[in-house]
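Colleague: next input, structure requested:
(chains A, B, C, D, E and F)
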Amino acid sequence: MATLHTVNKSPFQTQTLLSCLSHVQAGDSVLMIEDGVYGAMGSTTLADAVAGLGGQVNLFVLGEDLAARGIDAGRVADGITKIDMDGFVDMVASTDRTQSWL
Amino acid sequence: MATLHTVNKSPFQTQTLLSCLSHVQAGDSVLMIEDGVYGAMGSTTLADAVAGLGGQVNLFVLGEDLAARGIDAGRVADGITKIDMDGFVDMVASTDRTQSWL
Amino acid sequence: MSEDVKKFLYVNRKAPYGTIYAQESLEVVLIGAAFDQDVEMAFLDDGVFQLTKNQDTKGVGLKNFSPTFRALGDYEVTKLYVEQESLDERGLTLDDLQDIQYEDEDDDWAEKPSIRVVSRAEMGKIMANQDVVLSF
Amino acid sequence: MSEDVKKFLYVNRKAPYGTIYAQESLEVVLIGAAFDQDVEMAFLDDGVFQLTKNQDTKGVGLKNFSPTFRALGDYEVTKLYVEQESLDERGLTLDDLQDIQYEDEDDDWAEKPSIRVVSRAEMGKIMANQDVVLSF
Amino acid sequence: MKFGIVVSEGPYTHQASDTAYNFVKAALAKGHEVARVFFYHDGVNVGTRLSVPPQDDRQIQAQWTALAKEHDLDLVICIAAAQRRGLLDENEAERQGKDANNIAEGFRISGLGQLIEMGIQADRTITFGD
Amino acid sequence: MKFGIVVSEGPYTHQASDTAYNFVKAALAKGHEVARVFFYHDGVNVGTRLSVPPQDDRQIQAQWTALAKEHDLDLVICIAAAQRRGLLDENEAERQGKDANNIAEGFRISGLGQLIEMGIQADRTITFGD
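Modeller: Residues are numbered from 1 along each chain as shown, chains lettered A, B, ... in the order given. This is a model prediction of the structure:
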């Protein structure tokens, strides 16, 4: 009974990603999309907080949104998996519900 | 040559108020309006940061927006002055420029 | 639980009036109540500000929709989960929120509070126990 | 400075593509360049993300407006202030940003970088030194 | 699997309607069914036929109209949200005494009940908003 | 003193246009001049005549139309922002081959140059947005 959480806000601008990660259950998945993909970058002042809070969940980032913003795959933090829109669709289907953190 | 800065976002949701307070000059004024008025509340986890960063500037909050949100004047932190829309107009006129932190 | 009854959670994380999401969320809840589903509401982060007492919008000219929360009981929407940590961070207590009641038909129509303050950990579990989560 | 020339600062604090503000800010700057005012741009907080190299929007279907930044020099918009602390927080360096140049007519049309990295303290002073501040 | 989609933000201003469009296209290509797309909040503005985007940009409204035609999608605009924001079909315009309407082909205006019904009938409901 | 006003968000969705309206009314009551109100980004949607807000709520577009009439205000909608979002006047509708227009009385559509001009001519420019 796992949930797919989506986050579409920059964690440098809003508290949304951190709030999401403070409410997820072990085994849930969190997918960063749109401006949310900045939360997947390593070597930022927020990377440790994301890795720490996200320890019990599967972290994903949408590749199309990374590319739009000029973030090379090499900039994505360890432990975060890049997927594409087809993968997004599969994740919605394979989890039990989707919660959008707006 | 003082600036009036307006902030209309909740500091619990976005970094805008803290960014504004990190850029103001001594003698500037900061007016919290709309959802920004939550930044004027005392006894919150952010009140100390606001008071600390705001030490060199004049802090104001728009009364009409406080009332709309059910925040009693007694909840406003020490050192923050409540004004009304007429006062807002006067402040725009009496400062040299207005910068909206969106 | 019948096959046709789903658990709906309405998640409110935004303050009222600065944007319309809180108000239009409430409109969905009222319409949704007619569908005989299992409905719960969650208030966390700035969403807890939606429930404050004494909202007075005359000065800003917007419509005060906060009285509508008190009518939710009549629509059989009786579970308003409010996150303790979100209140604490904002210096709020239950006393700062509206007194929202419902009549419990399983307990001789006794008046009971609709607001249930829960911890962040409990909020996470409530979110995980739904069929449909609508976010505002 | 003539009475008719004002100092305009365009403040960019938002990331590109998630919302349209960055793109519509740039449209104002291009139009504004025709008015012979003193124009500066500020990039701070998530606004620094607007200037990253190698933006490729084919996958999302949006229009890639980042090449327009490189045309600003032709419009005599040559002062793009980028905040050091905002870069640092996001793990970015000047190398991650586009190379934006202008030709300095006062120095035999030498090509010079338009991006000027400034500290937060300097950014505050730049903001305080304007006639009109437009925020996006 | 049957998906229900909520779009909560306006076109161009936010990326939400683009992401929703790309998601729906990908879901359909994978053989999933899209039960309905429900436009709420500023999302109702996706359904105007009066927009004239720059020619070198994507044409958001026309994309949805074409996708709806190809896959027989049910694109529903919330009436309450639409009235506030000035999005009307012919019937609504007449009922409200307005001299024009602006809804695009392939969209229809209906009540919030259609959102709840979608949540009940779809296997998964996903919101694209802000 | 002469004020220039920018409104950057749409009606009802954000409070920005309400705050701008209250500010302009207060400024005029104090004898200040309002050189222009420039509607940009989603702010252009304030200028639709097709909105039908609930009767117990404020009528944002009608308020602006009335205030403009009373004080001879110059309410300018940005053409580039308006085209993306589907806000047209009669001329634009004809030029773009659209069969309807939706601009409200008291508003006019013009270019971004009007924003810069306002910034130059006004003593103070203030933005209400998000």
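Colleague: ok, residue E:126 - contacts?
Modeller: The contact partners of residue E:126, by CB atoms under 8 Å, 6 or more residues apart in numbering or on different chains, come to A:6, A:92, A:98, A:100, E:3-6, E:23. In this view, the C-beta of every residue, glycine as well, is placed from N, C-alpha and C.
Colleague: go through the residues you listed and say which is closest to chain C.
Modeller: Sorting the contacts of residue E:126 by how near they are to chain C, with CB to the nearest CB, puts residue A:100 at the top with 4.8 Å.
Colleague: is the closest one in contact with residue E:124, as I believe?
Modeller: No: in terms of CB atoms under 8 Å, residue A:100 does not count as a neighbour of residue E:124; the distance is 11.8 Å.
Colleague: phi, psi for residue A:26 please.
Modeller: Note on residue A:26: its backbone torsions stand at phi -50, psi 130 [degrees, to the nearest 10].
Colleague: what's the end-to-end length of stretch A:54-71?
Modeller: 21 Å (CA to CA, to the nearest Å).
Colleague: again, but for stretch A:78-98
Modeller: Terminal residues of stretch A:78-98 lie 24 Å apart, using CA to CA.
Colleague: what of stretch E:87-104?
Modeller: 10 Å.
Colleague: from the chain's centre, how far out does it sit?
Modeller: Offset of stretch E:87-104 from its chain centre (CA atoms, centre = their mean, to the nearest Å): 17 Å.
Colleague: now stretch C:69-81
Modeller: Averaged over its C-alpha atoms, stretch C:69-81 has a centre that lies 7 Å from its chain's centre (CA atoms, centre = their mean).
Colleague: ditto for stretch C:44-64
Modeller: Between the centre of stretch C:44-64 and the centre of its host chain there is 13 Å, according to CA atoms, centre = their mean.
Colleague: ok, now which ones touch residue C:30?
Modeller: With contacts taken as CB under 8 Å, 6+ apart, residue C:30 has the following neighbours: C:68, C:72, C:75.
Colleague: again, 6 Å this time
Modeller: Contact criterion CB atoms under 6 Å, 6 or more residues apart in numbering or on different chains gives no residues in contact with residue C:30.
Colleague: pretty sure residue E:42 contacts residue F:13?
Modeller: Yes: contact between residue E:42 and residue F:13 holds when scored by CB atoms under 6 Å: they sit 5.2 Å apart.
Colleague: related to what we said a few turns ago, and chain D, which of the contacts of residue E:126 reach it?
Modeller: Filtering those for proximity to chain D by CB under 6 Å from any CB of the partner chain leaves nothing.
Colleague: next, give phi and psi for residue A:32.
Modeller: For residue A:32, the backbone dihedrals (degrees, to the nearest 10) come out as phi -90, psi 130.
Colleague: which of residue E:42 and residue F:13 has more neighbours?
Modeller: Counting neighbours by other CB atoms under 10 Å in any protein chain shown for residue E:42 and for residue F:13 shows that residue E:42 has the greater number, 31 against 25.
Colleague: can you give me the pLDDT of the more buried one?
Modeller: pLDDT recorded at residue E:42 is 98.
Colleague: quick check: closest non-adjacent residue to it.
Modeller: With sequence-adjacent residues excluded and distances taken as CB to CB, 6 or more residues apart in numbering or on different chains, residue E:42 is closest to residue E:10, at 3.8 Å.
Colleague: can you check which helix is longest in chain E?
Modeller: As assigned by DSSP state H, the longest helix anywhere in chain E is helix E:16-29.
Colleague: hang on, the earlier thing: which of the contacts of residue E:126 sit farthest apart?
Modeller: Farthest pair in the contacts of residue E:126 (CB to CB) is A:6 and E:4. Separation: 14.9 Å.
Colleague: who has more neighbours, these two?
Modeller: residue A:6 (28 against 24).
Colleague: tell me if the more buried one really is in a helix.
Modeller: No: the secondary structure assignment for residue A:6 gives strand rather than a helix, going by DSSP: H, G, I helix; E, B strand; the rest coil.
Colleague: please name the bridge partners of it.
Modeller: With DSSP bridges as the criterion, residue A:6 is bridged to residue A:31, residue A:100.
Colleague: mind listing what's buried along the longest helix of chain E?
Modeller: Neighbour-count burial for helix E:16-29, counted by 16 or more other CB atoms under 10 Å in any protein chain shown, picks out E:16-28.
Colleague: helices or strands up against the helix or strand following that helix?
Modeller: Towards the C-terminus, the helix or strand next in line after helix E:16-29, according to DSSP states H and E, is strand E:33-39. Under the contact definition 3 or more CB pairs under 6 Å, 6 or more residues apart in numbering or on different chains; DSSP states H and E, strand E:33-39 sits against strand E:2-7, strand E:75-78, helix E:113-121.
Colleague: strand partners (parallel or antiparallel) of strand E:33-39?
Modeller: According to DSSP bridges, strand E:33-39 has the following sheet partners: strand E:2-7 (parallel), strand E:75-78 (parallel).
Colleague: which one of the ones you listed lies closest to residue D:85?
Modeller: Sorting those by CB to CB, the top spot, which is the nearest, belongs to strand E:2-7 at 36.3 Å.
Colleague: list the contacts of the closest one.
Modeller: E:17, E:20, E:27, E:32-39, E:43, E:118, E:122-125, E:127-128.
Colleague: close to chain A: what parts of chain C are there?
Modeller: Checking chain C against chain A by CB under 6 Å from any CB, the hits are C:45, C:124, C:128, C:133, C:135.
Colleague: and these, which two are furthest apart?
Modeller: The farthest-apart pair in these, when distances are taken by CB to CB, is C:45 and C:128, at 17.6 Å.
Colleague: more neighbours, the two?
Modeller: The neighbour count for residue C:45 versus residue C:128, taken as other CB under 10 Å, is higher for residue C:45 (27 against 21).
Colleague: where does residue A:1 land on pLDDT?
Modeller: In the prediction, the pLDDT value recorded for residue A:1 is 81.
Colleague: can you read off the pLDDT for the closest residue to it other than its chain neighbours?
Modeller: Taking CB to CB, 6+ apart, and ignoring the residues beside it in sequence, residue A:1 has residue A:96 as its nearest neighbour in space, at 5.1 Å. At residue A:96, the model reports a pLDDT of 98.
Colleague: residue A:96 contacts residue A:25, doesn't it?
Modeller: No: contact status for residue A:96 versus residue A:25: not in contact, 11.0 Å apart, counting by CB under 6 Å.
Colleague: residue ranges for the helices of chain A, please.
Modeller: A:16-21, A:47-53, A:63-68, A:85-94.
Colleague: what residues of the lowest-mean-pLDDT helix or strand in chain A count as buried?
Modeller: Confidence across the helices and strands of chain A bottoms out at helix A:47-53, with a mean of 94, counting by mean pLDDT, DSSP states H and E. Taking 16+ other CB under 10 Å as the basis for neighbour counts, the residues of helix A:47-53 that come out buried are A:47, A:50-51, A:53.
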